[in-house]
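A.B. asks: only geometry, no sequence info:
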């Protein structure tokens, strides 16, 4: 049984939430205990512990990582090259736009083990890694149950936080992604936001053949104003399964 499923935890939760309001929006409804410092997941700990141990074994010479040859631009050193078969020179750098026939070669360490070495690493150290991760997770979970790690949030704010959002510092109603200064609703009211919203906000577009309505980003309205394109790209039926679209495409009517 999980700790938060016990009678003791439920009683403590009720006492913790009594008389409180959401620390984000101030709501008094549907409050939950929100862990402000949740422990990392088992899979995340597994990756961290196994990567750290593998790095030690590589440094000790017990395992050797794969090496591979990489093509580089002779002008800027970028590895973002495009190989052309129809045009000369044969290569073009996507970074500095230089064109050349002879790229620079470099041997780089991929940081990855050959498959057989990876299987050997896990066969030898897997049980130890998993045991250490389980012990770490138990310790972190026990530490995470301390009340000082929790805050009262309403369900709406709790779900927003778990999805990587914060309460909008401007309107205190909407939610903004972490690192953003405001939510989308507030951003749309700014001069730059109005310009961006004009391009990315969706508006209804009715198909002239079947009358079905689609929500299209404003920047693509010109493209999807062509009925055949709208039918092919947006309709789940497509022209092959729509009698009207098939008739219009195969036997286009001459406009009078």
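C.D. replies: Perfect, I can see it now. Values in this document were obtained by computation on a predicted structure and should not be read as measured data.
A.B. asks: from now on I want contacts and neighbour counts done on CA atoms only, so please keep to that.
C.D. replies: Will do.
A.B. asks: got the residue ranges for the strands in the stretch 101-250 of the chain?
C.D. replies: 104-109, 150-154, 165-167, 175-177, 202-206, 213-217 (DSSP state E, counting those that start in this stretch).
A.B. asks: so which of those strands is nearest residue 91?
C.D. replies: Checking these against residue 91 by C-alpha to C-alpha gives strand 104-109 as the closest, at 11.1 Å.
A.B. asks: partners of that closest one, with directions?
C.D. replies: strand 67-72 (antiparallel) (DSSP bridges).
A.B. asks: got the buried residues for the strand it pairs with?
C.D. replies: Residues 71-72 are the ones in strand 67-72 that count as buried (16 or more other C-alpha atoms under 10 Å).
A.B. asks: can you name every helix or strand that the helix or strand where residue 55 lies contacts?
C.D. replies: For residue 55, the element it lies in under DSSP states H and E is helix 42-59. Applying 3 or more C-alpha pairs under 8 Å, 6 or more residues apart in numbering; DSSP states H and E, we find helix 42-59 packed against helix 115-144.
A.B. asks: for the helix it packs on, the distance to its chain's centre please.
C.D. replies: 26 Å (C-alpha atoms, centre = their mean, to the nearest Å).
A.B. asks: tell me what it is packed against?
C.D. replies: Partner elements for helix 115-144 (3+ C-alpha pairs under 8 Å, 6+ apart): helix 42-59.
A.B. asks: what comes up buried for the helix it packs on?
C.D. replies: 45-46, 49-50, 54.
A.B. asks: looking at the residues you listed, which is nearest residue 197?
C.D. replies: Once C-alpha to C-alpha is applied, the member of those that ends up nearest residue 197 is residue 45, at 40.2 Å.
A.B. asks: residues contacting the closest one?
C.D. replies: 133, 137 (C-alpha atoms under 8 Å, 6 or more residues apart in numbering).
A.B. asks: re earlier: nearest to residue 123, of the strands of the stretch 101-250 of the chain?
C.D. replies: strand 104-109 (23.8 Å).
A.B. asks: contacts for that closest one, please.
C.D. replies: So strand 104-109 is in contact with 65-74, 77, going by C-alpha under 8 Å, 6+ apart.
A.B. asks: what do you get if the cut-off is 6 Å, keeping everything else the same?
C.D. replies: 67-72, 74 (C-alpha atoms under 6 Å, 6 or more residues apart in numbering).
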